[in-house]
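# Here's my sequence, what's the structure:
(2 chains)
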Amino acid sequence: MASHGIRDRVAIVGMGCTRFAEHWDKSADDLLRDAASAALADAGTSRQDIDAYWLGTAQSGMSGIMLAKALGLEGKPVSRVENYCATGSEALRQAAYAVASGAYDSAMAIGVEKVKDSGYQGLNAFPIPTDGTNRTLTAAAMFSMVAPAYARKYGVPMDEMKRVLARIASKNHANGARNPRAQFRREMSVDQICAMPSVAGDLSVFDCAGVADGAAAAIVVRAEDAHRYTDKPLYIKALSLVAGNGSGLTDPEYDYTTFPEIVACAQDAYAQAGVTDPRTQIAMAEVHDCFTPTELVLMEDLGFAERGEAWREIEAGAFDIDGVLPVNPDGGLKSFGHPIGASGLRMMFEVWLQLRGEAPDDRRISTWPERQLALTHNLGGYPGEMVSFVSILGSSLG
Amino acid sequence: MRYRFTMRGIISWGTYLPFRRLDRTTIASVAGSGGGKGTRSVASYDEDTTTLGVEAARVALRDCPDAHPLSLWFATTEPAYLDKTNATAIHAALRLDSGVPAYDALGSIRSTLGAIRAALDSSSTSLVVTADRRGSLPGSPDESAGGDGASSVLIADDASDAPVLAEIVAWESLTEEFLDRWRTPGDMRSRQWEERFGETRYTDLGARAIAALLSTTGLSVDAIDHLIVVGPHDRANSAVAKKSGVASDRVVDTLGTNVGNTGAAAPLLVLASVLERALPGQRILLLVLADGADAVLLRTTPAISQHKASRPVSEQISAGAPVAYGKYLAWRGLLPVEPPRRPEPARPSSSAAARNTKWKFGFVGSEDEDGVVHLPPADGDWSMRPMSEVLGTIVTFTIDRLAYSQSPPVVFAVVDFDGGGRLPVELTDVDPEDVAIGGRVEMTFRKLFTADGIHNYFWKARPVRVNGVEG
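The predicted model follows:
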């Protein structure tokens, strides 16, 4: 039994990503067409030349028929996948494994979410019939419990903790302000963010990801075929997924300062990719900053900072765009919002730009090309009950 | 009352007053009329008569651990459901065996007497649970005079489960059809005929019932140590007490000042307040004036001096906290307030709930072979672990101003239970600023929400205020 991975066997050869926004004038189908067309054009191929499709959407549609209809596909295998907020990443994972297996020469992973048609703010899960005893807290409130727990464990005064969290939001807004695809393009200072009223625990709306519609797509082929499509393919080094069993919610040992699913997932991904020191080997990371305390804990769970040290590193700017390890150079969920099915692929789109030297000057990372690996991290669920996805992508083989 | 060879009576009691109190002086400035002095008890937005009843019955059972009720009666004027029995939810929350029948006695204040009588006429241990939420339109006399609460007694033969603490010695009942107070099903207020009419009829009925009781028992009025007169007609109650011949210092305060008239719950609630201070060998006359008159004579036994009531009425009265009149109106559905801009919760699945009755209603977890407690219960665990009476400690908490609630914000805590088990659970009866890590909580049976007419019952945690189980 082992997680072998598919290091260097599959490459991304084209990507597309819509602007993430309140697309009142676009349907989910429109967004799918926009992202798919961009990815196909990028790879110089056509939709009938793609052998198989994986559609990630959490609740904007059902079954592969949604994508087959939107793109007018004929006789193609199309699967719809869902894995909470890691849905977009899951689509890529399925497509990449299908190509790696030899079943198909090429596949498209595409994710979409049309969140803004619900009539409510925020994300609202499709109600599954239950006995009525399940928790009805918002995700914001669940993640808000991380901040005081972390502060207590590591002796961070709550005032300072609030500034650390605001620093995360401020950094991501600064990056997003330089990204034309981002939903929010305004810089926010730490003081401005600290002045906002709380909505869940000590979190204000500026500690929370935005809510936007969007879609993103990737085309994957066998690594040896990659150069038929592009001179600058992105090689898949690792794809790791861990679905927690929910025991953290009821385990008295769990202290809300770490996400064990993510620790396990990262270790698996690093092993697949041969990464031994992520802080120095990885050029950039896109992480799931659904709430600011999440990004704080992720820095430790992903091995970017020592336990209990991430808050100092954040204050010192370690994860800024010009820091030792830029995190969320595109602006993250904070600036992009979180169309669930699309987010995981949106993260990869930033890697696609940065590791090919195509990111615009004002937010281009300086760690590449010295370092040629990037990480995306996508999670779904809550502290104690989570799915975690980590990918490692590289701009060269080996 | 038929003659008995064995002494039969109350072996335990339990009462429950909801946490909130409405200051009656705050009513008139909003409603334009009504109000008065003192406070009335107010059920929280997440309480109905079923949940109130569960809380009172838990106390009665907790205070008499050897009791094994073999029937359950539930009386209220405001049932959560019609057609469907409400006592079954209480039965499930108390984890009674399915062989223990549970019945409702619904609709009128007098139902309580019927339930007690059924318990008395039984030959086995019976649990009587009564609960009410009394109110009416804003500014009305009934609104300020009413109260919310629950009370219950365990009735058994002496020494079958536990010693009788108060023997039911005699019972005289008069039944009479006349219209003093009435409510059409679905109406939120009762109506009353001219007050003097009812007062006249009840005064006569009360006097006759007392006289009959004294006659059959051969007692003089001086033998009565405590006279309780309750019923829907407060003026009649006072008038009967006054004319009874019982010395005024032996006429029991019916809790109108701080609690209000709790309707179907009042007879046993006020009786409990007397039992909690009664000496052995005292005679208590409980007179209920409702569509007739029921005069019940009780006599305390020596065993009562050994009985410790864990949640005395007096302590529950003083443990209350204020609720603003506006919030009271909103909780009652009398003031439609802007709902949270979130989707309303979906109705719980009846079949899923039926599969998980032990957890949902009984709050029963499980324990594995290493002694680890699982909440909810885990498949394959070797034993069930009832958790409703176990106290816990707040490990961490949060205030959710975004989640759907009938009374935002949601206060939510991760609770570690004494002896093992953790559950992230909603808190209730709490002001957000009073929650603290390390705070002690107890479980309370509540209604999370109602959707499609289905009341979603489950447990919440609330701060330990009056004699937690640990004392």
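# Can you give the domain ranges for the chain?
Assuming you mean chain A. Structural domains assigned to chain A are A:10-116+A:212-234, A:139-207+A:236-394, following automatic domain parsing.
# that answer is for a different chain, and I need it for chain B
Split by automatic domain parsing, chain B gives B:8-181+B:189-331, B:350-463.
# got the ones you listed as a markdown table, with mean pLDDT columns?
Formatted as a markdown table, the domains of chain B follow (pLDDT from 0 to 100):
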| stretch | mean pLDDT |
| --- | --- |
| domain B:8-181+B:189-331 | 97 |
| domain B:350-463 | 95 |
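# ok, which residues in the stretch 201-350 of chain B are in contact with chain A?
Residues of the stretch 201-350 of chain B lying close to chain A (Cβ under 8 Å from any Cβ of the partner chain) are B:Arg341, B:Arg342, B:Pro343, B:Pro345, B:Ala346, B:Arg347, B:Pro348, B:Ser349. Using the backbone N, CA and C atoms, a C-beta is placed for each residue, glycine as well.
# quick one on the thing from earlier: Serialize the domains of chain A to CSV and add fields for distance to A:Pro127 and mean pLDDT.
Output for the domains of chain A, formatted as CSV (distance: least, Cβ to Cβ, whole Å; pLDDT from 0 to 100):
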stretch, distance to A:Pro127, mean pLDDT
domain A:10-116+A:212-234, 11, 97
domain A:139-207+A:236-394, 15, 97
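# wait, which of the ones you listed is closest to chain B?
domain A:139-207+A:236-394 (3.6 Å; Cβ to the nearest Cβ).
# near chain B at all, that closest one?
Yes - using Cβ under 8 Å from any Cβ, domain A:139-207+A:236-394 reaches chain B at A:140-142, A:144-145, A:148-149, A:152, A:198-201, A:249-252, A:254, A:256, A:384.
# what about the closest residue to chain B within the stretch 1-150 of chain A, how many residues close to it?
Closest approach between the stretch 1-150 of chain A and chain B, counting by Cβ to the nearest Cβ: A:Gly132, at 2.8 Å. Neighbours of A:Gly132 under the rule other Cβ atoms under 10 Å in any protein chain shown: 24.
# picking that back up, pipe the domains of chain B into JSON lines and attach mean neighbour count per row.
Output for the domains of chain B, formatted as JSON lines (neighbours: other Cβ atoms under 10 Å in any protein chain shown):
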{"stretch": "domain B:8-181+B:189-331", "mean neighbour count": "21"}
{"stretch": "domain B:350-463", "mean neighbour count": "18"}
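# need the ones you listed in a markdown table with distance to A:Ala305, can you?
Converted to a markdown table, the domains of chain B look like this (distance: least, Cβ to Cβ, whole Å):
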| stretch | distance to A:Ala305 |
| --- | --- |
| domain B:8-181+B:189-331 | 42 |
| domain B:350-463 | 22 |
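# which one of these lies closest to A:Ala177?
Closest to A:Ala177 of these is domain B:350-463 (Cβ to Cβ; 25.9 Å).
# The residue nearest to the spatial centre of chain B in helix, strand or coil?
By Cα atoms, centre = their mean, chain B has its centre lying nearest to B:Ala150, at 1.0 Å. What DSSP: H, G, I helix; E, B strand; the rest coil gives for B:Ala150 is strand.
# Could you do the one 4 residues further on as well?
Using three-state DSSP as the criterion, the local structure at B:Leu154 reads strand.
# got the contact list for it?
B:10-13, B:60-61, B:64, B:67, B:69, B:125-128, B:161 (Cβ atoms under 8 Å, 6 or more residues apart in numbering or on different chains).
# show me where the stretch 201-350 of chain A has helices.
Applying DSSP state H, counting those that start in this stretch to the stretch 201-350 of chain A gives helices spanning A:260-273, A:278-281, A:292-301, A:310-315, A:332-336, A:340-354.
# Make sure the residue nearest to the centre of chain B is actually in contact with B:Asp48.
No - the criterion here is Cβ atoms under 8 Å, and B:Ala150 misses it with B:Asp48 at 10.6 Å.
# So B:Leu298 belongs to a strand, correct?
Yes - secondary structure of B:Leu298 (three-state DSSP): part of a strand.
# hey, what's whichever residue of the stretch 151-300 of chain B sits closest to chain A bridged with?
For the stretch 151-300 of chain B, the residue closest to chain A is B:Ser152, as judged by Cβ to the nearest Cβ, at 24.9 Å. Note on B:Ser152: beta-bridge partners B:Gly14, B:Val129, judged by DSSP bridges.
# Out of the residues of the stretch 201-350 of chain B next to chain A, which end up buried?
Burial by neighbour count, 16 or more other Cβ atoms under 10 Å in any protein chain shown: within those this picks out B:Arg342, B:Pro345, B:Ala346, B:Arg347, B:Pro348, B:Ser349.
# which residue packs closest to residue 100, ignoring adjacent ones?
With no chain named, the answer covers chain A. A:Ile6 (4.2 Å; Cβ to Cβ, 6 or more residues apart in numbering or on different chains).
# I was thinking of chain B, sorry if that wasn't clear
B:Leu70 (5.7 Å).
# And for B:Glu426?
B:Lys460 (4.8 Å).
# hang on, the earlier thing: want to throw the helices of the stretch 201-350 of chain A into TSV with mean neighbour count?
TSV is the format used below for the helices of the stretch 201-350 of chain A (neighbours: other Cβ under 10 Å):
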stretch	mean neighbour count
helix A:260-273	22
helix A:278-281	16
helix A:292-301	26
helix A:310-315	20
helix A:332-336	31
helix A:340-354	29
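# would CSV of those helices with distance to B:Ala87 be doable?
Formatted as CSV, the helices of the stretch 201-350 of chain A follow (distance: least, Cβ to Cβ, whole Å):
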stretch, distance to B:Ala87
helix A:260-273, 44
helix A:278-281, 61
helix A:292-301, 46
helix A:310-315, 55
helix A:332-336, 50
helix A:340-354, 45
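# got the contact list for the closest residue to A:Val146 other than its chain neighbours?
With sequence-adjacent residues excluded and distances taken as Cβ to Cβ, 6+ apart, A:Val146 is closest to A:Pro293, at 3.9 Å. Counting by Cβ under 8 Å, 6+ apart, A:Pro293 makes contact with A:Phe143, A:Ser144, A:Val146, A:Ala147, A:Tyr150, A:Leu165, A:Leu203, A:Asp207.
# Please flag which of the residues you listed sit within strands.
Among those, the members found in strands (DSSP state E) are A:Leu203.
# buried subset of the contacts of A:Pro293?
By 16+ other Cβ under 10 Å, the contacts of A:Pro293 give A:Phe143, A:Ser144, A:Val146, A:Ala147, A:Tyr150, A:Leu165, A:Leu203, A:Asp207 as buried.
# quick one: the helices in the stretch 301-450 of chain B?
B:313-318, B:325-331, B:350-355, B:357-360.
# Out of the ones you listed, which gets nearest to A:Arg279?
The nearest among these, by Cβ to Cβ, is helix B:357-360 at 44.9 Å.
# what residues are up against the closest residue to B:Leu127 other than its chain neighbours?
Among residues not flanking B:Leu127 along the chain, B:Pro69 sits closest, at 3.9 Å (Cβ to Cβ, 6+ apart). In this structure, B:Pro69 makes contact with B:Leu61, B:Leu96, B:Val100, B:Thr125, B:Ser126, B:Leu127, B:Leu154, judged by Cβ under 8 Å, 6+ apart.
# Confirm for me that A:Ser27 is in contact with A:Glu113.
No - counting by Cβ under 8 Å, A:Ser27 does not reach A:Glu113; the two are 11.9 Å apart.
# In terms of neighbours, single out the busier of the two.
A:Glu113 (31 against 15).
# beta partners of that one?
If you apply DSSP bridges, the partners that A:Glu113 bridges to are A:Gly214.
# Would you mind confirming that it makes contact with A:Asp213?
Yes - in terms of Cβ under 8 Å, A:Glu113 counts as a neighbour of A:Asp213; the distance is 6.6 Å.
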